[in-house]
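> Need coordinates for the below:
(one chain, ligands or ions: 2)
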Amino acid sequence: MEIIAFFNLKGGVGKTTSAVNIAWHAANEGIPTLIWDLDPQGAASWLLKSKTKSKAEPKRFLSGKTPMGKLVKSTDYDNLDIIPADFSYRHIDQQLAIQNEQGQHNIIRTLIEPFGENYALIILDCPPSFSLLTEQIFDTADSLFVPIIPTHLSLRTFEQTRNFFKEHKLKPKRLHAFFTMVDRRRNLHRIMLEHPPAMLKNGLPTPIPYAAVVERMGDHRAPLPAFDKHSAVSKAYSQLWQDIKETLAEFNR
Ligand SMILES: Nc1ncnc2c1ncn2[C@@H]1O[C@H](COP(=O)(O)OP(=O)(O)O)[C@@H](O)[C@H]1O
Ligand SMILES: [Mg+2]
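Ligands and ions are numbered 1, 2, ... in the order given. This is a model prediction of the structure:
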C-alpha cells in the first residue's frame, strides 16, 4: 500500500482537483484506491457525490469507537472508494491533542494501516494549514504532492513547508511540487516554467494548465477524465498520474 497526500499551506491551489483526478486515474488502471477527504469543507466528497454517514465525528473514529471501515463509501467508479469529510472534522485537532497527551502520537497512520488489506493506494486530501493533523499526515504519507501556482508567494510557502520538514527531521525528498493553473500568457508563469527554482528539483515534470473546463467538474460532480478526455488539461492530468507513479515504489518495480 502506498499512502500519498495532496498538501499545500495555501487554499485554492488545486489540491482537491488534483486528488480527485489522480484518484480516478489510479482506479481506472485497476488499482484499488481509497481517497480520504480530510478537509472539513468536504470538496472532494462533494465532487464524488458522497455524503458522510452518521457517527463520522473525529471524536468517535479517532478514539476507535467508530471503526474506520464503517466510514468508507463507494463511488460511481470501479476501484474507487472514499471516506467523506464531515463538517465536524474542523475539530480534529482538539481530539488529536487530547490523544497526543495520552501518548498516541500518530493516530492517522494507525487508522490507515489496516486498509492495506483492501487498497493499494490511499490518497489524502488535506486542509490548507499546518496543524497536528497535517503533522501526522507528513509523518504518514510516503509521498506528498504540492500543487504550486507559479508565483513568488507560492514558492515561499513551499519553502516554509520544506523548512518545516527539515526542522522536524522529516525527509524533504518526500515532497514533490508540481505547477498548477499555469497560464503561459503570463510572463512570470513562463519564466518559472522555463527556469524552475532549485528548490523544485524534486518536482514533477508535468505542469497543469489553467483551463475553464476544470471548473465544470463542479457542474458534473465528477472527475475531469470522466466527462472530458481530450482537453489539454485532461491529458496533463493523465501525464501527471504517470509522473506520480514513477515516484511510488510499489507501482514502479
Ligand atoms: N487547472 C485549473 N484550471 C482552472 N481552474 C482550476 C484548476 N485547478 C483548480 N481549479 C479551480 O480552482 C478552485 C480551487 O481548486 P481546489 O482544487 O478546490 O483547490 P484546493 O483544494 O487547493 O483548495 C476550484 O474552483 C477549481 O475548480
Ligand atoms: Mg481542497
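
> okay, CA-based contacts and neighbour counts for the rest of this
Noted.

> and the closest residue to Arg216 other than its chain neighbours, what is it in contact with?
Take Arg216 and drop its neighbours on the chain: the residue closest to it by CA to CA, 6 or more residues apart in numbering is Leu224, 8.0 Å away. Residues near Leu224 by CA atoms under 8 Å, 6 or more residues apart in numbering: 21, 214, 216-217, 234.

> any idea how far Asp93 is from Leu224?
32 Å (CA to CA, to the nearest Å).

> Can you verify Ile123 is assigned to a strand?
Yes: assessed by DSSP: H, G, I helix; E, B strand; the rest coil, Ile123 belongs to a strand.

> still on that earlier bit, list buried residues within the contacts of Leu224.
21, 214, 217, 234 (16 or more other CA atoms under 10 Å).

> Look at Cys126 and say how many residues are nearby.
Applying other CA atoms under 10 Å, we find 23 residues neighbouring Cys126.

> The buried ones among the contacts of Leu224: which ones sit near ligand 1?
Applying CA under 6 Å from any ligand atom, the subset of these adjacent to ligand 1 comprises Val214.

> Secondary structure and pLDDT for the buried ones among the contacts of Leu224 - can I get that in TSV?
Output for the buried ones among the contacts of Leu224, formatted as TSV (DSSP: H, G, I helix; E, B strand; the rest coil; pLDDT from 0 to 100):
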residue	secondary structure	pLDDT
Asn21	helix	98
Val214	helix	98
Met217	helix	98
Ser234	helix	98
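
> which one of the buried ones among the contacts of Leu224 sits closest to ligand 1?
Val214 (5.1 Å; CA to the nearest ligand atom).

> which residues does the closest one contact?
Going by CA under 8 Å, 6+ apart, Val214 touches 17, 224, 233.

> go on, Leu155?
Ile148.

> Could you do the one 10 residues further on as well?
By CA under 8 Å, 6+ apart, the residues touching Phe165 are 171-172.

> mind checking how far Lys65 is from Lys55?
For Lys65, the distance to Lys55 - CA to CA - is 9 Å.

> my bad, should have said Asn163
37 Å.

> Next: Ile244.
Ile244 is 34 Å from Lys55, by CA to CA.

> mind checking how far the residue nearest to Arg216 is from ligand 1?
Taking CA to the nearest ligand atom, to the nearest Å as the measure, Leu224 falls 10 Å from ligand 1.

> give me the element Ala5 is part of.
According to DSSP states H and E, Ala5 maps onto strand 2-6.

> which SSE is His230 in?
Judged by DSSP H and E, His230 forms part of no helix or strand.

> which of the buried ones among the contacts of Leu224 sit farthest apart?
Farthest apart among the buried ones among the contacts of Leu224 by CA to CA are Met217 and Ser234. That separation is 11.4 Å.

> In this structure Phe179 contacts Pro150, no?
Yes: the pair Phe179 and Pro150 passes the contact test of CA atoms under 8 Å, sitting 6.3 Å apart.

> tell me the SS of the closest residue to Gly11 other than its chain neighbours?
Closest residue in space to Gly11, ignoring its immediate chain neighbours: Pro128 at 5.3 Å, by CA to CA, 6+ apart. Secondary structure assignment for Pro128 (three-state DSSP): coil.

> buried ones in stretch 96-110?
Quick answer for stretch 96-110 (16+ other CA under 10 Å): 96, 99, 105-108.
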